[in-house]
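Visitor: I'll drop the sequence and a predicted model, then ask my questions.
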Amino acid sequence: MKILNLLREAWAEITLQPFRSFLTALGIVFGVGAVIAILAISEGAKREAVSQLEVLGAGTIRVRESDAQANSTSNGVGTSGVYVQTRGWWGFSGLSGSMGSGGPARPLDMKDLEAVKGLEGIDAAASERTKEVSLPGSFGDISVTVVGTTSDYLKIQGLKLQEGRFFDSLDIESRNKVAVIGPKTRGLVFGTGQAIGNIVRIDNVPYTIIGVVSPKDWSGVTLVQIRDTGKDVYIPVTTMAIGTSEYPVGLNEIILRLKSGENPVQWGSIVEKIVSIAHPAGAFEVIVPEELLAQQQELQRIFSVVMGLIASISLIVGGIGIMNISLATVIQRTREIGIRRALGARKKDIQAQFLSESFLISVLGGAVGIFLGYALSKAVSSYAGWSTAISGVGVVVAFSVAATVGVIFGWWPAKRASEMPPVDALRHE
Amino acid sequence: MTNVVTLDQVYKTYDLGEIKVPVLKGVNLKIKKGEWVSLMGPSGSGKTTLMNIVGLLDTPTSGNYLLNEEMASAKDDDDLSNLRNNHIGFVFQTFNILPQLNAWQNVALPLNYSTQNQTPRKIAMELLDKVGLKERATHRPNELSGGERQRVAVARALSNNPSLILADEPTGNLDSKTGKDVLELFEQLHSEGITILMVTHDTEVAERSQRIINILDGKIA
């Protein structure tokens, strides 16, 4: 019999008892639904990870004063809420004469920046020394973050200028009182008026505005705690240290960008070693987004494997359901088998007929399951806030799995149907 | 005139483990092309077994069966299926048409198993016209009367243009009026030269045929 005929007859048979067919397919529906949802969740996580890396910039390393610095505790959960590689106080007190056991660790400083900046794999480095200050805005005082930094900052953070210029190494050397402001700061302080050439007073020191940075959306980044740069005011780090007795100039964060093709994890550990020479008790942490992502993806992978196993069990149970009903159907339709055999159906025709019924039920169940999985992944998105994405590959995989389950679990009942002696089958009441 | 059916010393014994039940005990039978033969005999005489062997649904324990003068015993299952499909049309007492298919689909069913390229719907419609059910072509069996169902079954038996129609009490489940109509249909088929072997209990029905064979205790009397 031709395939089309087989499927048409199978369809007629399935629609003869639609509710029973629906119940038969239910296991497949849930199994495929679960597979689709799991694939959608892991695909969503993967895409989110990729987009986070795009925002953060691939190949960046952040050396940050760790939360642990305040109380000299070590190793723990980082600021982002995920595990971060932390170099805490490891009790090297004997090596560091100035610091007693449990004493406060020295902050990061410009010397650390200089120490790692020249490494072979590092393309650029920038400092961050931050301070919250109030500026008089058009509608009252506004709180901004003053960032003392170096000339490569924009390049490293992936920021662009919308007006003017950024300060260069000459400004830094000369400790010029120049400032570059974020787009929100510009709006809040100057409205639509001219910003470049105007003065902002930070701690009563006047700075001339030389540039305005374009907006950048950091909101998708959950991997690393990151400040909204919109309300930043950038000034040369050297200028920021005027009037303090600090030497070298203390920093909150050093941001490094690797040359393309360099391994961030490897360089991360080199940077960590170098910085720890100067900070044997150093409460600092080296954050490598790629490494955090890898950890996150490992968790994600475990989740997917576990859920995938559960979904497979559901598919197997679904398959057994199909087999069960098929066996009952074969008994119920024994006489029909006899009639068909009398009319000239060969064993393989009978087998193909029953097989195409279980195949079609499975495939239809699979199709419903895809919609269920879609709805499930949408529900997960809105409930748990995870991003999900239905991939074409996932749909094809789930569909093929459903079809395969139908064929595998329908095979034996179909075989049994075909093996019935026609005379006995015809006599069956 | 060629013989459509030739049975030569056909024995059939059912093997029920410890007991062996001999049902056919050396049956010799010849049916010529175009003949209408009635097969009569009491229950348990071996009628059904004989019909099953002639219909290639069962194989003899020993002896030869020639269909259209070709050896049909000792063929494999696929070959037997193809021979049934090409040469034999069955009409059963209980109609045996499939409830999920409509009239023309039932008639076309044997064509689905045929290796020849055919136009099932066209052939089915012609045959339904021949048995007077053209208007009922898209009706399902539960929308047809008993007589109409048996006509569908007759049309189905004709769909592959068989050499032999095997009818097992085709009027047994019909009232006398519709039974007569169905018999008239068989007479028409006979007049067209179709070979018919019909099991019946009804002597009136048997008398319409050219020849009556009585089977008794596994032998032709």
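Guide: Great, that's in hand. Here the structure is a predicted model, which means the values were calculated and not measured.

Visitor: rest of the way, CA atoms for contacts and neighbours
Guide: Fine.

Visitor: What is the least confident helix or strand in the chain?
Guide: Answering for chain A, as no chain was given. strand A:86-87 (a mean of 36; mean pLDDT, DSSP states H and E).

Visitor: Please refer instead to chain B.
Guide: Ranked by mean pLDDT, DSSP H and E, the weakest helix or strand in chain B is strand B:70-71, scoring a mean of 88.

Visitor: Going by the annotation, which residue ranges form each domain of chain A?
Guide: In terms of domains, chain A is parsed into A:3-52+A:295-427, A:60-287 (source: automatic domain parsing).

Visitor: now the shortest one: mean pLDDT?
Guide: Which is domain A:3-52+A:295-427. What domain A:3-52+A:295-427 shows for mean pLDDT is 90.

Visitor: Equivalent analysis for stretch A:179-194, please.
Guide: Across stretch A:179-194, pLDDT averages out at 89.

Visitor: Endpoint to endpoint, that stretch covers what distance?
Guide: Using Cα to Cα, to the nearest Å, one end of stretch A:179-194 lies 14 Å from the other.

Visitor: Adding distance to B:Leu166 and mean neighbour count as columns, could you present the domains of chain A in a markdown table?
Guide: What follows is those, written out as a markdown table (distance: least, Cα to Cα, whole Å; neighbours: other Cα atoms under 10 Å in any protein chain shown):
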| stretch | distance to B:Leu166 | mean neighbour count |
| --- | --- | --- |
| domain A:3-52+A:295-427 | 11 | 20 |
| domain A:60-287 | 78 | 18 |
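
Visitor: Can you lay out those as TSV showing distance to B:Pro110?
Guide: Listed next are the domains of chain A as TSV, based on distance: least, Cα to Cα, whole Å:
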stretch	distance to B:Pro110
domain A:3-52+A:295-427	5
domain A:60-287	65
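
Visitor: What are the boundaries of the helices in the stretch 201-350 of chain A?
Guide: A:237-240, A:264-278, A:289-332, A:334-342, A:347-384 (DSSP state H, counting those that start in this stretch).

Visitor: before we move on, the earlier item: give me the contacts around the least confident helix or strand of chain B.
Guide: With contacts defined as Cα atoms under 8 Å, 6 or more residues apart in numbering or on different chains, strand B:70-71 is touched by B:Asn64, B:Tyr65.

Visitor: for stretch B:97-116, same thing?
Guide: Contacts for stretch B:97-116 (Cα under 8 Å, 6+ apart): A:1-2, A:5, A:12-13, A:16, A:336, A:339-340, A:343-346, A:349, B:82, B:85-86, B:118, B:120-121, B:123-125, B:127-128, B:136-142, B:149, B:152-153, B:155-157, B:159-160.

Visitor: B:Asn214: what secondary structure?
Guide: strand (DSSP: H, G, I helix; E, B strand; the rest coil).

Visitor: check contacts around it.
Guide: B:Leu39, B:Met40, B:Gly41, B:Ile220, B:Ala221.

Visitor: which one of those residues has the most neighbours?
Guide: B:Leu39 (24 neighbours; other Cα atoms under 10 Å in any protein chain shown).

Visitor: low pLDDT regions in chain B?
Guide: Filtered on pLDDT under 70, chain B yields no residues whatsoever.

Visitor: Please enumerate the strands of it.
Guide: Ranges of strands in chain B, per DSSP state E, are B:3-16, B:19-32, B:36-40, B:62-67, B:70-71, B:88-91, B:164-168, B:195-199, B:211-216, B:219-220.

Visitor: For A:Val32, find the nearest of these.
Guide: Nearest to A:Val32, of all the strands of chain B, is strand B:88-91, at 44.8 Å by Cα to Cα.

Visitor: Show me what that closest one is packed up against.
Guide: Packing contacts for strand B:88-91, counted by 3 or more Cα pairs under 8 Å, 6 or more residues apart in numbering or on different chains; DSSP states H and E, involve helix B:146-158, strand B:164-168.

Visitor: Tabulate these in a markdown table, adding columns for mean neighbour count and distance to chain A.
Guide: Output for these, formatted as a markdown table (neighbours: other Cα atoms under 10 Å in any protein chain shown; distance: least, Cα to the nearest Cα, whole Å):
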| stretch | mean neighbour count | distance to chain A |
| --- | --- | --- |
| helix B:146-158 | 26 | 8 |
| strand B:164-168 | 24 | 11 |
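
Visitor: Quick one, which of those gets closest to A:Glu114.
Guide: Of all the helices and strands packed on strand B:88-91, the one in closest proximity to A:Glu114, counting by Cα to Cα, is helix B:146-158 (94.9 Å).

Visitor: on that earlier part again, with distance to B:Gly55 as new columns, can the helices of the stretch 201-350 of chain A be given to me in CSV?
Guide: Below are those laid out as CSV (distance: least, Cα to Cα, whole Å):
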stretch, distance to B:Gly55
helix A:237-240, 102
helix A:264-278, 79
helix A:289-332, 24
helix A:334-342, 8
helix A:347-384, 17
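
Visitor: would you list those in a markdown table and tack on distance to chain B?
Guide: Below are the helices of the stretch 201-350 of chain A laid out as a markdown table (distance: least, Cα to the nearest Cα, whole Å):
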| stretch | distance to chain B |
| --- | --- |
| helix A:237-240 | 85 |
| helix A:264-278 | 66 |
| helix A:289-332 | 13 |
| helix A:334-342 | 7 |
| helix A:347-384 | 7 |
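
Visitor: Quick one, which of those gets closest to A:Val116.
Guide: Closest approach to A:Val116 among these (Cα to Cα): helix A:264-278, 6.4 Å.

Visitor: Determine the set of other helices and strands touching that closest one.
Guide: Using 3+ Cα pairs under 8 Å, 6+ apart: helix A:264-278 touches strand A:60-65, helix A:110-117, strand A:284-287, helix A:289-332.

Visitor: got the angle for it vs helix A:289-332?
Guide: On the basis of axes from the mean of the first three to the mean of the last three Cα atoms, to 10 degrees, helix A:264-278 is oriented at 140 degrees to helix A:289-332.

Visitor: Restrict helix A:264-278 to CA atoms and write it as PDB.
Guide: Output of helix A:264-278 as PDB, limited to C-alpha atoms (Å, rounded to 0.1, in the frame of the first residue of the first chain):
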ATOM      1  CA  PRO A 264      40.900  35.000  29.500                       C
ATOM      2  CA  VAL A 265      40.900  32.300  32.100                       C
ATOM      3  CA  GLN A 266      44.700  31.700  31.700                       C
ATOM      4  CA  TRP A 267      45.500  35.400  31.800                       C
ATOM      5  CA  GLY A 268      43.100  35.800  34.700                       C
ATOM      6  CA  SER A 269      45.200  33.500  36.800                       C
ATOM      7  CA  ILE A 270      48.400  35.200  35.800                       C
ATOM      8  CA  VAL A 271      47.000  38.600  36.700                       C
ATOM      9  CA  GLU A 272      45.900  37.200  40.000                       C
ATOM     10  CA  LYS A 273      49.400  35.900  40.800                       C
ATOM     11  CA  ILE A 274      51.000  39.100  39.900                       C
ATOM     12  CA  VAL A 275      48.600  41.300  41.900                       C
ATOM     13  CA  SER A 276      48.900  39.000  44.900                       C
ATOM     14  CA  ILE A 277      52.600  39.600  45.100                       C
ATOM     15  CA  ALA A 278      51.900  43.100  46.100                       C
END
